[in-house]
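>>> No letters, just coordinates:
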């Protein structure tokens, strides 16, 4: 997949190409018969090589989600980004390899679309490369319940359940209450944390 992913992402038919690839991977594993027509059950029962084939199929599904988000970027802006990327082979290889690692590492089917949103902001220049990697790594480190809490966030003060995790990714400022007998820290979103929620959920939260 050396540079293959970034080359595919800028194709107008990227989504269709990934759908075709997914169907090819599945069809190549099926024998004729009734199970071929049963969704999910047929997939699990008739795939001959469980380790590689299911892994490949799920990667394609993740890529479809990722490309869906990227397709929201205007074509001319995507073209400008990928033309720039083509001019630096080393940089292109780094972006490609990290994208493959990030997408493949996602452990929830909703995460690739989130990664696509972050990458889209990187493509149009709203995030630099370091922020892109910071946000993407954070997505893969958070779980569904933590995302649910973040989606409900209305101000800079985060819940204790997610605050300590955000701290490990540099998204919050930690404040120790000065009241006597209190040692439980409060977590307040910093500028990166506010931008993270804006990219993922469109939230406009002020830094305190």
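Nice, I can see it. Since we're looking at a predicted model, the values are computed, not measured.

>>> quick one: contacts for the residue nearest the centre of the chain?
Centroid-nearest residue in the chain, with C-alpha atoms, centre = their mean: residue 115, separated by 2.0 Å. Each residue near residue 115 by C-beta atoms under 8 Å, 6 or more residues apart in numbering is listed here: 66, 69, 102-103, 106, 136, 139-140. (Glycine included, C-beta is placed from N, CA and C.)

>>> Switch those residues over to CSV; also include secondary structure.
Converted to CSV, the contacts of residue 115 look like this (DSSP: H, G, I helix; E, B strand; the rest coil):
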residue, secondary structure
66, helix
69, helix
102, helix
103, helix
106, coil
136, helix
139, helix
140, helix
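
>>> Most neighbours out of those, which is it?
residue 66 (27 neighbours; other C-beta atoms under 10 Å).

>>> Quickly note the distance from that one to residue 104.
11 Å (C-beta to C-beta, to the nearest Å).

>>> Would you mind measuring the gap between the ends of stretch 155-174?
15 Å (C-alpha to C-alpha, to the nearest Å).

>>> That stretch: how far from the chain's middle?
Distance of stretch 155-174 from its chain centroid, counting by C-alpha atoms, centre = their mean, to the nearest Å, is 20 Å.

>>> what do you get for stretch 104-118?
3 Å.

>>> okay, how far is it across that stretch, tip to tip?
First-to-last residue span, stretch 104-118, C-alpha to C-alpha: 16 Å.

>>> Show the average pLDDT along it.
Averaging pLDDT along stretch 104-118 gives 94.

>>> next one: stretch 153-163
94.

>>> which parts of that stretch are buried?
153, 156, 158, 162-163 (16 or more other C-beta atoms under 10 Å).

>>> what about the residue nearest to the centre of the chain, which SS state?
Going by three-state DSSP: residue 115 is helix.

>>> one step back: could you export the buried residues of stretch 153-163 as TSV, including distance to residue 201 and secondary structure?
Compiled in TSV, these are given as follows (distance: C-beta to C-beta, whole Å; DSSP: H, G, I helix; E, B strand; the rest coil):
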residue	distance to residue 201	secondary structure
153	8	coil
156	15	coil
158	14	strand
162	13	helix
163	17	helix
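
>>> Which members of these are the farthest-apart pair?
156 and 162 (13.0 Å; C-beta to C-beta).

>>> one step back: pick the one among the contacts of residue 115 closest to residue 176.
residue 139 (28.3 Å).

>>> just checking, that closest one touches residue 118?
Yes. Residue 139 lies in contact with residue 118 (C-beta atoms under 8 Å); the separation is 6.9 Å.

>>> Overlap of the contact sets of those two?
Common neighbours of residue 139 and residue 118 (C-beta under 8 Å, 6+ apart) are residue 200.

>>> on that earlier part again, what's the farthest-apart pair in the contacts of residue 115?
Most distant of these, by C-beta to C-beta, are 69 and 140, 15.2 Å apart.
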